[in-house]
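J.: Predicted model, plus sequence, below.
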Amino acid sequence: MNLEKMFHLKENRTDVKTEVLAGITTFMTMAYILAVNPNILGASGMDSGAVFTATALASMAATLLMALFANYPFVLAPGMGLNAYFAYTVVLQMGYSWQTALAAVFIEGIIFIILSLTNVREAIFNAIPMNLKHAVSVGIGIFIAFIGMQNAKIVVDSATLVSIYSFTGSVKAGTFTSEGITVVLALIGILITGVLLIKKVKGNILWGILITWALGILCQLTGLYKVNPEFGAYSLLPDFSNGISVPSLAPTLMQMDFKGILTLDFFVVMFAFLFVDLFDTLGTLIGVASKADMLDKDGKLPRIKGALLADAVGTSFGAVLGTSTTTTFVESASGVAEGGRTGLTAVVSAILFGLSLFLSPIFLAIPSFATAPALVVVGFLMMTSIAKIDFVDYTEAIPAYIAIIAMPFMYSISEGIALGVISYVAVNLATGSASKKRISPLMYILAVLFIIKYMML
């Protein structure tokens, strides 16, 4: 195999060794998704083992397509935020089955494929104001952090709706060794991951998960943590009793349910997946590419159509396997920072995702208190987009603010998008700013559709 001919290494000022190291680095920074995704989608009733296999296969396939279609060092996997929306909003809050949610992801992927093959993508991208795009990222970040703290039981139900976990209460109730200790470990894990991030340790999020998990195992071996399934406290040690095997895909493979896809609610769900995936992907591609000096003189990314197509095909393929929206990861920046410039970086990461299939007992034994720090820290990284919002212009800032607070407070990404679009159109119309800004007709159409949705609730 002529790697030079296939990936144009010299033209991109790189070599095989650099690309391989970059691919390993990117995988290390993204491998946490193999532990987090089964945890999150498992909350919707999906089989965790099947989700693990689907996550690894979808990541491997979509990343290989990125190398094939665009020759870029970008790596894909089921996206954070989108998996939370899938499980906690669409299934647990809106009441759809996970099979219907998979159908929404599949259709979103098909639409994304069509948009990627035409110039419609540019029209949609240009229709949504930049400040609202940044607001969506921020809102999802806060929402993810909130879910992470809930999963770790740092935040619990109370008379004030939510409150911090009561350590004295758990000691009195005799649940500290099976519940309270995990809250302590999660808090320690957040601090450890934060320090690793500050120190710019490669794979900081994955290391944060592994260190927190290791501390949990230490607590289990010393008796500080006691296995008690009644409180969701399971053994933290990997179970290799069945040997090294790949968990079956059967529970999630081809399980999409297309009933009820003609309802307005389903459209909102599907659009939310499409919206977040589209702008997340574009933002990630442009952001990472700019760091690698891949943009042309007009600030555009060559071969972006191929990159978007890989993302779109990966999404529909992932839904068939049984996982939420597959998207380009911002963690790809870590491989770029290591010198990765071509699809060879992506191929190396894809191979590692494939090999991880045989280590499922390790990834599936990682508890939610160990993955919670990853959610909190990824939430922080997403929230940094708040610095890009124009808070001087209130006609931009107020709708962005509404979109941000709606997501965690209403426990729904789609409500944040809907209220952000409605308030943007309403505020600019009421203040006479709409004509000056030349708001896209598509924004008015979306606003009307979202208002009709609320009238029918």
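T.: Good, I have the coordinates. Residues are numbered from 1 along each chain as shown.

J.: so what's Phe27 up against?
T.: 75, 348-349, 352-353 (C-beta atoms under 8 Å, 6 or more residues apart in numbering). Just so you know, the C-beta spots here come from the backbone N, C-alpha and C atoms, and that holds for glycine as well.

J.: quick one: which of those is nearest to Val421?
T.: Nearest to Val421 out of the contacts of Phe27 is Val75 (C-beta to C-beta; 30.8 Å).

J.: could you list every residue that touches the residue nearest to the closest one when sequence neighbours are not counted?
T.: Distance criterion C-beta to C-beta, 6 or more residues apart in numbering; nearest residue to Val75, sequence neighbours excluded, is Ser349 at 4.5 Å. Each residue near Ser349 by C-beta under 8 Å, 6+ apart is listed here: 23-24, 26-27, 30, 63, 75, 335.

J.: Quick one: the strands in the chain, in order.
T.: Secondary structure of the chain (DSSP state E): strands at 76-78, 155-158, 161-164, 326-328.

J.: what's the spacing between the closest residue in space to Val105 that isn't next to it in sequence and Leu82?
T.: Distances taken as C-beta to C-beta, 6+ apart place Ala319 nearest to Val105, at 4.1 Å, with adjacent residues excluded. For Ala319, the distance to Leu82 (C-beta to C-beta, to the nearest Å) stands at 11 Å.

J.: anything in contact with each of those two?
T.: Counting by C-beta under 8 Å, 6+ apart, the residues touching both Ala319 and Leu82 are Thr325.

J.: more neighbours, the two?
T.: Remark: of Ala319 and Leu82, Ala319 carries more neighbours, 29 against 25, as counted by other C-beta atoms under 10 Å.

J.: Ile413: what's it in contact with?
T.: Ile413 makes contact with 81, 84-85, 89, 136, 139-140, 143, 272, 276, 407, according to C-beta under 8 Å, 6+ apart.

J.: Quick check: which of the residues you listed has the minimum pLDDT.
T.: Scanning the contacts of Ile413 for pLDDT, the low point is Val276. It has 70.

J.: That residue touches Leu82, doesn't it?
T.: Yes: counting by C-beta atoms under 8 Å, Val276 touches Leu82, with 5.8 Å between them.

J.: Overlap of the contact sets of those two?
T.: With C-beta under 8 Å, 6+ apart, Val276 and Leu82 have common neighbours Thr325.

J.: these two touch, right, Leu115 and Asp277?
T.: No: between Leu115 and Asp277 there is no contact under C-beta under 8 Å: 10.5 Å.

J.: Looking at those two, which is more packed in?
T.: Asp277 (27 against 20).

J.: Stretch 234-253 - what's its average pLDDT?
T.: On average, stretch 234-253 scores 82.

J.: Pull out the buried positions in that stretch.
T.: 236, 247, 249, 251-252 (16 or more other C-beta atoms under 10 Å).

J.: What of stretch 99-114?
T.: In terms of neighbour count (16+ other C-beta under 10 Å), stretch 99-114 has its buried residues at 99-109, 111-113.

J.: most centrally placed residue in this structure?
T.: The C-alpha lying nearest the average C-alpha coordinate of the chain belongs to Met80 (C-alpha atoms, centre = their mean; 1.3 Å).

J.: wait, doesn't it sit right on Asn39?
T.: No: the criterion here is C-beta under 8 Å, and Met80 misses it with Asn39 at 11.6 Å.

J.: For the nearest residue to Leu187 once chain neighbours are set aside, give its distance to Leu191.
T.: Closest residue to Leu187 apart from its sequence neighbours, by C-beta to C-beta, 6+ apart: Ile154 at 6.5 Å. Ile154 sits 12 Å away from Leu191, going by C-beta to C-beta.

J.: now do Ala135
T.: 28 Å.

J.: Who has more neighbours out of those two?
T.: Remark: of Ala135 and Leu191, Ala135 carries more neighbours, 30 against 12, as counted by other C-beta under 10 Å.

J.: Many thanks, I have nothing further to ask.
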